[in-house]
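Peer 1: Quick one: sequence plus predicted model below, questions after.
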Amino acid sequence: MVMYHKQTRILVALDCIIFGFDGSDLKLLLVQRGLEYEKGKWSLMGGFVQKNEDFDKGSSRILKELTGLEGVYMEQLFAFGDVNRDPIERTVSVAYFALIDIHQYENQLNTVYHAEWFPIKNTPKLIFDHQKMVDMAKEKLKYKAAFHPILFELLPEKFTLPQLQSLFEGIFDSQFDKRNFSRKLQSTKLLIKQKDKDKEGSKKGAYYYKIDKRRYAANFHAILNLIPNPGNLK
């Protein structure tokens, strides 16, 4: 077998950053680390690439093994290669991220590795450089939400304006004025108002809406009207 001689072998890990929306809060999925050194502490879903698998298949395998989740679309984020990022052995980590509707996957989630959802604003301390990964993924998520038609994929078929506002506030870490948000959203003409209401939040209730898929496909950039400082996204 031909090999590259006098080269150091380096481990390659995969870490999965899974954001979820439950209808009211943006959350982050974490597990308790099962390996020695920092064992039991909160971590992203991670593991090592196997000899005969590519990164995409590896990330899907790791996510299923640690959480039970399958069929989750994940996108490669960045490669983290600081020399001392893993105190045990030289390891490069390729991070993936995704954003999902928690209710679509809640029945799949297992508890073997204590997988748990945490509100994005109240996450525990993470091992190694995992917080750095999460922070970078949050910035990427803002960009994707603003310039790519993904936001409404996270919501049920019918949703309320308060639910949509909560999603925007979680992603962009900002508070939106309720009336102003509703006015700007209505001006996009991307939503179709339904006759029925969600009455769980109040006696008066909030009307359900559906996305006008034809208009959204042609003009999803209208969402930029809702976003604070869109010029700062990158």
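Peer 2: On my side now, so go ahead. It should be emphasised that the depicted structure is a prediction, and the values quoted were computed from it without experimental measurement.
Peer 1: Sketch out the helices for the chain, chain order is fine.
Peer 2: 55-67, 102-105, 130-147, 161-172, 178-187, 213-219 (DSSP state H).
Peer 1: and these as CSV, adding distance to residue 80, mean neighbour count and mean pLDDT?
Peer 2: From N, CA and C alone the C-beta is placed, and that goes for glycine too. Compiled in CSV, those are given as follows (distance: least, CB to CB, whole Å; neighbours: other CB atoms under 10 Å; pLDDT from 0 to 100):
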stretch, distance to residue 80, mean neighbour count, mean pLDDT
helix 55-67, 13, 19, 93
helix 102-105, 26, 16, 86
helix 130-147, 6, 18, 90
helix 161-172, 23, 19, 90
helix 178-187, 36, 13, 88
helix 213-219, 35, 13, 81
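Peer 1: Which among the ones you listed is found nearest to residue 87?
Peer 2: Across the helices of the chain, residue 87 has its closest neighbour in helix 130-147 (13.4 Å, CB to CB).
Peer 1: counting contacts, what elements does that closest one pack onto?
Peer 2: Judged by 3 or more CB pairs under 8 Å, 6 or more residues apart in numbering; DSSP states H and E, helix 130-147 is in contact with strand 11-21, strand 75-80, strand 91-101, helix 161-172.
Peer 1: What lies in contact with the shortest one?
Peer 2: Defining contact as CB atoms under 8 Å, 6 or more residues apart in numbering, one finds that strand 75-80 is touched by 17, 55-56, 92-98, 129, 132-133, 136-137, 140.
Peer 1: Show me the domain layout of the protein.
Peer 2: The record's domain parsing of the chain by automatic domain parsing lists 11-147, 152-232.
Peer 1: send the alpha carbons of the helix or strand of the chain with the lowest mean pLDDT over as CSV?
Peer 2: Ranked by mean pLDDT, DSSP states H and E, the weakest helix or strand in the chain is helix 213-219, scoring a mean of 81. The C-alpha trace of helix 213-219 is given here as CSV (Å, rounded to 0.1, in the frame of the first residue of the first chain):
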residue,chain,number,x,y,z
LYS,A,213,-46.0,28.8,-1.2
ARG,A,214,-46.3,30.3,-4.7
ARG,A,215,-45.6,33.8,-3.5
TYR,A,216,-43.0,32.7,-1.1
ALA,A,217,-41.0,30.8,-3.7
ALA,A,218,-41.0,33.9,-5.9
ASN,A,219,-40.4,36.5,-3.3
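Peer 1: Residue 166 is in contact with residue 24, correct?
Peer 2: Yes: counting by CB atoms under 8 Å, residue 24 does reach residue 166; the two are 5.3 Å apart.
Peer 1: thinking again about what came up before, by mean pLDDT, show me the worst of the helices and strands packed on helix 130-147.
Peer 2: Out of the helices and strands packed on helix 130-147, helix 161-172 stands lowest, with a mean of 90 (criterion: mean pLDDT).
Peer 1: Just list what that one packs against, helices and strands only.
Peer 2: Helix 161-172 packs on strand 26-32, helix 130-147, helix 178-187, strand 206-211, going by 3+ CB pairs under 8 Å, 6+ apart.
Peer 1: Which of these sits closest to residue 4?
Peer 2: Short answer: helix 130-147, nearest of these by CB to CB, at 28.7 Å.
Peer 1: Run the angle between the closest one and strand 91-101 for me.
Peer 2: 40 degrees (axes from the mean of the first three to the mean of the last three CA atoms, to 10 degrees).
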